[in-house]
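Chemist: Here you go, sequence then predicted model.
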Amino acid sequence: MGIKAGAGLLGMATFVMYVLGASPAGASPRPITGKLTTPGYTVIALAASGKATSVRDRRGAFRLRPPADTVTLHLRGADGVYAGPLVVRGRGGRVVVGARAGARLGTVEVLDGYSRTRGRVRRRSVDARRWARAQRGVPVGARNFGRVRSRRKHRPVPGDRDVDGVPDRIDIDDDGDLVLDRLERQRRSRASQLTPRDPFDLASNLGAVPLSRTANVNAGSTPGEIDSVLPDFGWIAMSVPDADLVEIDCGGLTYCSIGGTGRTTNVPTERKFPECCDPDGDGYGTLQPTVVGPDFRSFHLAHNATPSQIGTGDTLILRLTNGGQETQLSDTQQFIFATVPALASYVDEAGSQTTIAYPVPEDGPGSQPDNGLPLVDGPDADRDVEVTVTLWRPQRRPTSEQECAQPPAPGCVATTWIDVGGLDYAVATREGVEKFEGSSGWCEQGALRSDDPDMRPGFGDPEGGGFRDLAPARPSSPANTFTYTVNVTRCLARFDVDFPRGATRGVRFQAFSPVTGEGTAGVDNTTSEVFFTRR
C-alpha cells in the first residue's frame, strides 16, 4: 500500500523494550481478586501504559495479577465483545475506576455495559486518581465503546484522555469529539508517546472487489449481497511488536476462535485459524507474519465473517512471549468496512455519461480484463485519456445505538448503514503487470483533479496522490456522492505502461482511513476495481 514500514523504528524499539522487558525480581504486583455475579467473562486489567493482563472467568471467581501497581478493570463477554469498565466506587456524576494491586473487590455485579462492586471496597484498594465522568453512576463511555462527547481535562486521568471510563488503549474515540480515532487526521499512538505506530494496530480491509461483486447500499446492494461479499474479500490486519511467540486471544469471536470462520488467507482452501496454528493446544492461534520489520510484524487474517459477525467492540488480546515471559496488549475493533466505494457513473472526454446499472453481471462490461467499460478519447489536442467519475462512499454499521441518537445522524437506527466520512481516496492502475511489483500503483497527484467542495487535494503518503474527504459520517443516501477526474494515461505512464486504442486497463478506486505519513502500519482500506477499454 505504500505505507513506509521503517518510519518511527527508534520509538517502536523503545516501546517494545518497555512492554516485553522483564520486571525486576520480586516486583510483580499482587493479584486482584473478585467474584462476578455472572460467569463466563474475561476480566482485563489495563495499566495507563497500555500493558494488560487477563483471565477468563468460567465460574464467577477471578484472580489475576495486574500489569502495574494501579489499573482499571474491564470485562469482555463470552462472545468476544467489550462489555464495559468496572466501577470500584461511586454512584453519581463521578465514579472511581482505579484499583490497586492486591485489591479484594468482593462481589462484582455485572450490569448492562459495565459492572460495579456490590460492597464497599477498602480505601487502600482504590486508586481515586483513576476516575470517570458518569451519569447516575454509569461511566459515560459505557455502552458506546467510548464514542461519547466528553471533553479532555487539563489535568488528565492517567490513560484516559477524555475521562469517560474507557481507557485510551481500547477507546474508539479517546479524545471525546465523536470522531473515531482511526478516522482522525492527527492520529496519536495509544500506548506510547514515543512511537507514531500503534503497537497493536487492528485495521479493516475489503477488496479488491470487481464491479460484478460491488457491495454498496447506495448502489442498491441487498443485505444478502453485502453478506456474501464481505466474507469473500474482507480481512483484518494487525501490526504487533516482535517477540519469540505471538498469540491472539479472541474469546468467542467467530472469526478467530476454534471452530470459527477464520482462515490464513481469502483462498477457500487455505488453513483454518486458529486450528492451523495452535501447537500448544491452548486455543490461541500463533500469528504467522506476512511482513517482518526490525521491531514489529504484520499479520493478515481472512475473517470470512458477515457484518453481523464482526464489528465495533470486538476485543482482541495479544499474548507476547519473550524469553519465557508473557505480556499482553489489548485492542478493540473500531469499525469494519462492509462495502466498497462504488462507481455510480462516469463521463468520458467525448462528454458521454454512463450510469452503472447494478447488479452488474459477472461477464458484464467493466467486470473482466477483456471486457471494459467504453472510454472515448475526446477531441482535445493531447493523447491522454481522462475520465470523470462519480462514486458513492463505503459504508459501516453504527458503532452503537448512541451514535444513532447523536448528530450528525438524524433518523439513524441500529440497522442503519453509515456512509463513512473523513476518508482519504486514491486511484491505482494495476492488474497484474510485472512493473507494479512492490508498488501500490497509485496515480500521482498531477493525474487527479476535482471541483467537488468535499474533495481536498492531498494525500499523506509520498508514493501517490489523492483527496481528503471533508464530509462527515452520516446515514447512507444515494445523494451522498463525490466526483473527481482521473488521467488514466498519465497514471499508467508513471509505470511505463501505455494505453493504446482497443486496450483494457483496470482502475482501482480506493478509500483509506487517514494516511498520516507518520509510519502508521495499520491503515483501514476498501477497494473496488473497474476495467475500462479505450475506444
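Modeler: Cool, the structure landed.

Chemist: So Asp452 is in contact with Tyr484, correct?
Modeler: Yes - assessed by Cβ atoms under 8 Å, Asp452 is found in contact with Tyr484 at 6.4 Å. For the C-beta atoms, the positions are set from N, CA and C on the backbone; glycine is no exception.

Chemist: The two: who's more crowded?
Modeler: Tyr484 (21 against 16; other Cβ atoms under 10 Å).

Chemist: Now the more buried one: phi and psi?
Modeler: As for Tyr484, its main-chain torsions (degrees, to the nearest 10) stand at phi -150, psi 170.

Chemist: Please apply the same query to Pro139.
Modeler: Dihedral angles (degrees, to the nearest 10) for Pro139: phi -50, psi 140.

Chemist: go on, Gly446?
Modeler: Dihedral angles for Gly446 - degrees, to the nearest 10 - are phi -70, psi -10.

Chemist: dump the residue contacts of it.
Modeler: With contacts defined as Cβ atoms under 8 Å, 6 or more residues apart in numbering, Gly446 is in contact with Gly465, Asn487, Arg490.

Chemist: What of Val507?
Modeler: Val507 makes contact with Val427, Ala428, Thr429, Val486, Val488, Cys491, Glu529, Val530, Phe531, Phe532, according to Cβ under 8 Å, 6+ apart.

Chemist: so which of those residues comes closest to Gly50?
Modeler: Set against Gly50, the nearest of the contacts of Val507 by Cβ to Cβ is Ala428 (34.0 Å).

Chemist: how about Val229, secondary structure?
Modeler: Using DSSP: H, G, I helix; E, B strand; the rest coil, the structure places Val229 in helix.

Chemist: if we can go back for a sec, from the contacts of Val507, which land in strands?
Modeler: Judged by DSSP state E, these include Val427, Ala428, Val486, Glu529, Val530, Phe531, Phe532 as members of strands.

Chemist: Tabulate the contacts of Gly446 (TSV), appending pLDDT and distance to Pro199.
Modeler: Output for the contacts of Gly446, formatted as TSV (pLDDT from 0 to 100; distance: Cβ to Cβ, whole Å):
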residue	pLDDT	distance to Pro199
Gly465	90	30
Asn487	95	40
Arg490	93	39
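
Chemist: can I get the residues you listed in CSV with neighbour count and distance to Pro457?
Modeler: Shown next, in CSV, are the contacts of Gly446 (neighbours: other Cβ atoms under 10 Å; distance: Cβ to Cβ, whole Å):
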residue, neighbour count, distance to Pro457
Gly465, 21, 7
Asn487, 20, 14
Arg490, 19, 15
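
Chemist: now those residues in a markdown table, with distance to Val121?
Modeler: Below are those laid out as a markdown table (distance: Cβ to Cβ, whole Å):
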| residue | distance to Val121 |
| --- | --- |
| Gly465 | 56 |
| Asn487 | 66 |
| Arg490 | 66 |
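
Chemist: Which member of those is positioned nearest Gly458?
Modeler: The closest of these, once distances to Gly458 are taken by Cβ to Cβ, is Gly465, at 8.0 Å.

Chemist: can you pull the contacts of that closest one?
Modeler: Contacts of Gly465 (Cβ under 8 Å, 6+ apart): Ala426, Trp442, Cys443, Glu444, Gln445, Gly446, Ala447, Leu448, Pro457, Phe459.
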